[in-house]
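Peer 1: Generate coordinates for the sequence data below:
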Amino acid sequence: MLGWALAPFAPLFAATDSTHAADASLQAEALVSHLDAGDTDAAAQDLAAIKKWWAKDKIAVKQQSLDLALEIDGQIAALSLAMLSGKMDEASSQAGNLRFSVINLQDGAYADNSGKSQMTLSTYILKLREAGNLAKKQDWEAAGQRVKQLQQQWLSVEGDVVSQSQRVYNDTERDLVMLDGYLSNPDQRALAAPVIDRLIEGLAPLADAKYSWWDAALIPIREGLEGLLVVGALLMYAKRAGSKPAKRWVVGGSVTGLLASIAAGFAVVLLLSSSAFGHNNLLINGWTGVCASVMLLYVSYWLHRHSDTKRFNRLLAERSTRALSGGHMFSLALLSFFAIVREGLETVIFLIGMSGKMSAAELVAGIAAGFLVLSAVAFVIVKAGSRLPIRPFFLGSSLIVFYLCFKFMGSGIHSLQMAGVLPSTVNEALPDFSTLSLYPSWYSTLPQLVFLACGCAAVVWSLLKSRRRRDVPLS
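Peer 2: Numbering: from 1, shown residues only. Alright, predicted model coming up:
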């Protein structure tokens, strides 16, 4: 409310001079370099210079973004304490966080006090052009640093992109990792400039977009469908098995995942800045994608294994209406939770990115419309699945689940590469099809190949067992 009240008077406030932010950015860069080199005396001088800048510009930054001001304030305090305590590893980590926050201040990659993002897609494209110019000048170190910043700042503009084109969004996330990999490898640096040109060509037509309630509706629809397919398959199984406890566990895991996503959204809006949450969001998406993928591999095998009508009827006869043990039902709940959280957090971040670009009424209407569409799709999935014969139902479900297993693993590894947990290596010989989460990196391709081999082995083994059962003479 305060932000809206002060908005008409924003021009009267003294904005932070961009030169001051640029100087602070250079000072933070020097601080990180000196800490990495173990030069504590020079690092102390850098920190003193940053504190002097902050004392002068702190009020002006608060007038623009209280969240960002609190973020920088906390980082300076934590950095000072770490250096006084002699904890140089912690000091280096805090210095890296401070450098990123100051760069965001300089570039406008933050939400102001009225909730509007200052980092526009046009500004992001301009930063890409600067990285391209550095690459063409063969200033590889500066180009690499700029690309790493752009990877982290992608959070500020990705909502603008995904609301207009899923293809461009997928291609951009792929290219940002490839670009980092090219610039990190001396033998592939010549390939960086064409990738930057491709990024700019894809993003430029989306830079001046206008948004409506339908754009907001498309985000939960796009992000929710994959999670819905997982939950729908589990609910269909629970219904076919006549297991009310299994159904309750699946619904409970899904609701918990949805509530966790909503809580994360409130935390971002009320407690954290989007930039502070962005890196953690990549980590969450990465690890939940990998965990869900491993669990889905087993679920796919289980569904394929029970596609035989006699086996499924025997399972029901053995377990009556329970259909699953308590441990297995907890696994279903956990899988539902992972599927919803993974897609839910993406949805939250995208919607926060759009919140300053349309009215609150349009945003709420779009979200409501999106969830209504998802609810209708869920109803159709469960109803249609319950009417299918057992064998087509289980075989179809196993194929859907295995596809999601394959895709979640690729996208999960890719998110970990974006977060810097895994190296951004690129191998030109590998397939590149971002829609299926196929990326030209062994880090993502190798686990997918292992999963594919496991899936093929399970099918062959199932066929061999069926043939042996047919060949056994009846007594």
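Peer 1: contact partners of stretch 99-108?
Peer 2: 16, 18, 21-22, 24-25, 28-29, 31-32, 61, 68, 71-72, 75, 109-110, 118-120, 123, 127, 149, 152-153, 275 (Cβ atoms under 8 Å, 6 or more residues apart in numbering). Where C-beta positions appear, they are placed from N, C-alpha and C, glycine not excepted.
Peer 1: List only buried entries from those.
Peer 2: The neighbour count (16 or more other Cβ atoms under 10 Å) marks 16, 21, 24-25, 28-29, 31-32, 61, 68, 71-72, 75, 109-110, 118-120, 123, 127, 149, 152-153, 275 as buried among those.
Peer 1: which ones among these are found in helices?
Peer 2: 21, 24-25, 28-29, 31-32, 61, 68, 71-72, 75, 123, 127, 149, 152-153, 275 (DSSP state H).
Peer 1: Point out where the stretch 251-400 of the chain drops to low pLDDT.
Peer 2: Along the stretch 251-400 of the chain, the model assigns pLDDT under 70 to residues 265, 267-285, 299, 301-328, 349, 352-358, 385-394, 397.
Peer 1: ok, now with 80
Peer 2: Residues of the stretch 251-400 of the chain meeting the criterion pLDDT under 80: 264-289, 291-332, 334-335, 338-339, 341-360, 378, 381-400.
Peer 1: Make sure I have this right: Leu259 is in a helix.
Peer 2: Yes: using DSSP: H, G, I helix; E, B strand; the rest coil, the assignment for Leu259 is a helix.
Peer 1: tally of neighbours for it?
Peer 2: Leu259: 13 surrounding residues under other Cβ atoms under 10 Å.
Peer 1: from now on call the first residue 38
Peer 2: OK, 38 is where the count begins now, so the last one is Leu296.
Peer 1: which residues in the stretch 88-237 of the chain form helices?
Peer 2: In the stretch 88-237 of the chain, the segments counted as helices under DSSP state H, counting those that start in this stretch are 103-121, 125-144, 158-173, 177-190, 195-199, 203-221, 229-240.
Peer 1: ok, now the stretch 238-387 of the chain?
Peer 2: 250-278, 281-307, 311-342, 346-356, 363-391.
Peer 1: Can you name every helix or strand that the second one contacts?
Peer 2: Other elements packing on helix 281-307 under the criterion 3 or more Cβ pairs under 8 Å, 6 or more residues apart in numbering; DSSP states H and E are helix 250-278, helix 311-342, helix 363-391.
Peer 1: So which bits of that helix are buried?
Peer 2: 283-284, 286-291, 293-295, 297-298, 301-302, 305-306.
Peer 1: next one: the first one
Peer 2: Buried positions in helix 250-278, judged by neighbour count with 16+ other Cβ under 10 Å: 250, 252-261, 263-278.
Peer 1: repeat for the last one
Peer 2: The neighbour-count criterion (16+ other Cβ under 10 Å) identifies 366, 368-391 as the buried residues of helix 363-391.
Peer 1: out of the helices and strands packed on helix 281-307, which comes closest to Lys420?
Peer 2: Set against Lys420 and scored by Cβ to Cβ, the helices and strands packed on helix 281-307 come closest in helix 250-278, at 9.4 Å.
Peer 1: how far out from the middle of the chain is the closest one?
Peer 2: Helix 250-278 has its C-alpha centroid displaced from the chain centroid by 18 Å (Cα atoms, centre = their mean, to the nearest Å).
Peer 1: So which elements touch it?
Peer 2: Counting by 3+ Cβ pairs under 8 Å, 6+ apart, helix 250-278 packs on helix 195-199, helix 281-307, helix 311-342, helix 363-391, helix 397-424, helix 427-455.
Peer 1: Tell me if Pro460 really is in a strand.
Peer 2: No: counting by three-state DSSP, Pro460 falls outside a strand, being coil.
Peer 1: what's around it, how many residues?
Peer 2: 15.
Peer 1: wait, it sits on Ile450?
Peer 2: No: contact status for Pro460 versus Ile450: not in contact, 11.2 Å apart, counting by Cβ atoms under 8 Å.
Peer 1: what do the two both touch?
Peer 2: With Cβ under 8 Å, 6+ apart as the test, Pro460 and Ile450 both reach Tyr480.
Peer 1: contacting residues around Ser461?
Peer 2: 214-215, 217-218, 221, 454, 478.
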